[in-house]
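> quick one, what's the 3D model for this:
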Amino acid sequence: THPVTFNFGLSCDNHDKILIRGSFSASGAFNKTNEINSNPVLNIRIDSTSIYSMNNLWKISKCNISVDTTAVRFDKFYLINNSHYYLVDGAISADPADTLLVEFKGIDISPLNSIVSRNAAPDMIPLSFRGELNGRIRLTNIYSLPLLVTNLRINNFSMLQSEYGNISIISEWNRVKKVADVHAENNLEGKKMINIDGYYDPAAKYLYLNGLAEKLPVDAMNPLLRVFASGINGTASGKVNLSGGPGRFVLKGALMVENAGIKIDYLQTKYRINDSIRFEKNNIIFNNVRASDEKGNIAILNGFIHHKYFKEFSADIKLNTNDCMVLNTKPKDNDLFYGTAYASGVTTIKSGPGSISFDISAKTGKNTKFYIPLYTSETVSDYSFVTFINHDTLPKKDDDQAIHVSAPVSNTLMDLNFDLEVTPDAEVQIIFD
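Numbers count the residues shown, from 1 in each chain. Predicted structure coming up:
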């Protein structure tokens, strides 16, 4: 029987500064013998060629691939860029002696970001993967009792804009449970901060991981809490569990944050936290969390950050203060009113899709300086966001009579509302310009 032969060629050039250019050619033959019980075989020969991808030159070495009804065999398929390479060698077949080897050296993992975000919701937080992948994956006896052995290392790994050093990932196929047992740990400048054990069920596409953290940097929380906060730093220790399938991951557990700093945007106030934070399904929970301002004054934080499998984040948080800083803005932050305010009372932060509100109901304390600039001939009472209450109409208690300044709710995407009892300890200035 004469074989059926073919030749295949492909070339491309995007004519752009970020170059994607090259050519690919292969030839082959489809052989069918007259022998009993023999399978037809497709033999493919890939010619040596070069391809530019994202301005990087990759070379494909000569390689033979054979395919029949039960097996695929690779004869050292190399894709090389200087000292970086992919290698596929071996076979997938019904023969338990056959093994497929996939090897990586110095492979940039950042292209994963475009793959992950391709079908992601518009408001999904970017994972921002960075690092270089090295290691091997071996797959044996795929048709009966699969054996998967993985030994990978990601150098200078970063996710959610947080650095984790070198990550090692080891997995092995559990033939009894038919899952891949997984172990991972990190090394950041000699420090081991992450220890992960669990499994992945490929049939159910289900991941189950238990993680132990020890003085793990918490700056990865910055993109997660960006709806109202920034400048998050410090470390955390504790146990968490991550489980679920694609797009439906659930995080549970608790972390003890240590000397963690956080800035409440719009208010521009900074606090430090040494307390426990819980994770329950789609909530990050703050339960009587003690926080201190820049002068050590104590505030109590309660509430939660809600999300739908790490999408559609919203906040509902209350901060009970006792002579704590609740405002620290400059004219560039808010040209309607600004200043530094220390107060005792309640600050409520709520956010939803495309909106956030701050409601502060409190009595001012010492060192409070509040400024209201007037840029026209209007009087301050003409400003719709300021309402004065005449203290002469209020029941008199003592010499520290108060003036209440409040702001009605607006229709803007960001509402900053005050109901302040301004005492003589505070200084309120109206600036004429």
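
> contact partners for the residue nearest to Ile431 when sequence neighbours are not counted?
Distances taken as Cβ to Cβ, 6 or more residues apart in numbering place Pro373 nearest to Ile431, at 4.3 Å, with adjacent residues excluded. For glycine as for every other residue, the C-beta is placed from the backbone atoms N, C-alpha and C. The contact partners of Pro373, by Cβ atoms under 8 Å, 6 or more residues apart in numbering, come to 331, 335-337, 430-431, 433.

> do Thr269 as well
Contact criterion Cβ under 8 Å, 6+ apart gives 263, 293, 325-328 as the residues in contact with Thr269.

> how about the helix or strand that Ala315 is a member of: buried residues?
Counting by DSSP states H and E, the secondary-structure element that holds Ala315 is strand 314-329. Of the residues in strand 314-329, those scored as buried under the neighbour-count criterion (16 or more other Cβ atoms under 10 Å) are 314-315, 317, 319-321, 323-329.

> quick check: mean pLDDT of that strand?
Summarised as a single mean, pLDDT over strand 314-329 is 90.

> swap in stretch 46-59?
Computed over stretch 46-59, the mean pLDDT rounds to 84.

> just for the chain, where's the confidence low?
Low-confidence segments of the chain, defined by pLDDT under 70, are located at 1, 33-38, 119-124, 374-412, 432-433.

> quick one, helices of it?
Taking DSSP state H to define them, one finds helices in the chain at 112-118, 221-224.

> where's Lys363 relative to Pro246, distance?
With distances defined as Cβ to Cβ, to the nearest Å, the gap from Lys363 to Pro246 amounts to 50 Å.

> and the two? Which one has more around it.
Here Lys363 and Pro246 are set side by side on neighbour count (other Cβ atoms under 10 Å), and the busier one is Lys363, at 18 against 11.

> setting aside sequence neighbours, what's the nearest residue to the more buried one?
Distances taken as Cβ to Cβ, 6+ apart put Glu421 closest to Lys363, at 4.2 Å, once the chain neighbours are dropped.

> pretty sure the one you found is touching Ala362, no?
Yes: taking contact to mean Cβ atoms under 8 Å, the distance of 7.2 Å between Glu421 and Ala362 places them in contact.

> between those two, which is the more surrounded one?
Between Glu421 and Ala362, counting by other Cβ under 10 Å, Ala362 is the more crowded of the two (23 against 19).

> give the bridge partners for that one, please.
When bridges are called by DSSP bridges, Ala362 pairs up with Gly345, Leu420.

> quick check: it touching Gly345?
Yes: at 2.6 Å, Ala362 and Gly345 qualify as touching, with contact defined as Cβ under 8 Å.

> between the two, which contacts overlap?
Looking at what touches both Ala362 and Gly345 (by Cβ under 8 Å, 6+ apart), the common residues are 321, 326.

> can you pull out the strands in the stretch 101-250 of the chain?
When secondary structure is read from DSSP state E, counting those that start in this stretch, the stretch 101-250 of the chain shows strands at 130-140, 147-159, 162-174, 179-187, 194-201, 206-217, 229-244, 250-264.

> ok and the fifth one relative to strand 179-187, angle-wise?
Angle between the axes of strand 194-201 and strand 179-187 is 160 degrees (criterion: axes from the mean of the first three to the mean of the last three Cα atoms, to 10 degrees).

> what helices and strands are in contact with strand 194-201?
Under the contact criterion of 3 or more Cβ pairs under 8 Å, 6 or more residues apart in numbering; DSSP states H and E, strand 194-201 touches strand 162-174, strand 179-187, strand 206-217.

> distance to Ser23 added to these, as CSV?
Rendered in CSV, the data for the helices and strands packed on strand 194-201 read as follows (distance: least, Cβ to Cβ, whole Å):
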stretch, distance to Ser23
strand 162-174, 35
strand 179-187, 38
strand 206-217, 40
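
> turn these into a markdown table, columns for mean neighbour count and distance to Arg73.
Below are the helices and strands packed on strand 194-201 laid out as a markdown table (neighbours: other Cβ atoms under 10 Å; distance: least, Cβ to Cβ, whole Å):
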| stretch | mean neighbour count | distance to Arg73 |
| --- | --- | --- |
| strand 162-174 | 17 | 21 |
| strand 179-187 | 17 | 24 |
| strand 206-217 | 17 | 31 |
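
> closest to Lys59 out of the ones you listed?
strand 162-174 (27.7 Å; Cβ to Cβ).

> thought Thr69 was touching Asn39?
Yes: counting by Cβ under 8 Å, Thr69 touches Asn39, with 4.8 Å between them.

> so the two - more neighbours on which side?
Summary of the neighbour comparison: Thr69 and Asn39, criterion other Cβ under 10 Å, with Asn39 having more neighbours (13 against 7).

> gap between that one and Ala94?
For Asn39, the distance to Ala94 under the criterion Cβ to Cβ works out to 11 Å.

> shared neighbours, those two?
In terms of Cβ under 8 Å, 6+ apart, Asn39 and Ala94 are both contacted by the residues Thr70.

> circling back: Arg272 is nearest to which of the helices and strands packed on strand 194-201?
Go through those one by one with Cβ to Cβ and the one that ends up closest to Arg272 is strand 206-217, at 15.2 Å.

> who's in contact with that closest one?
For strand 206-217, the surrounding residues in contact (Cβ under 8 Å, 6+ apart) are 162-163, 182, 191-201, 233-245, 249, 253, 255, 258.

> quick one: strands adjacent to that strand?
Strand 206-217 has the following sheet partners, assigned by DSSP bridges: strand 194-201 (antiparallel), strand 229-244 (antiparallel).
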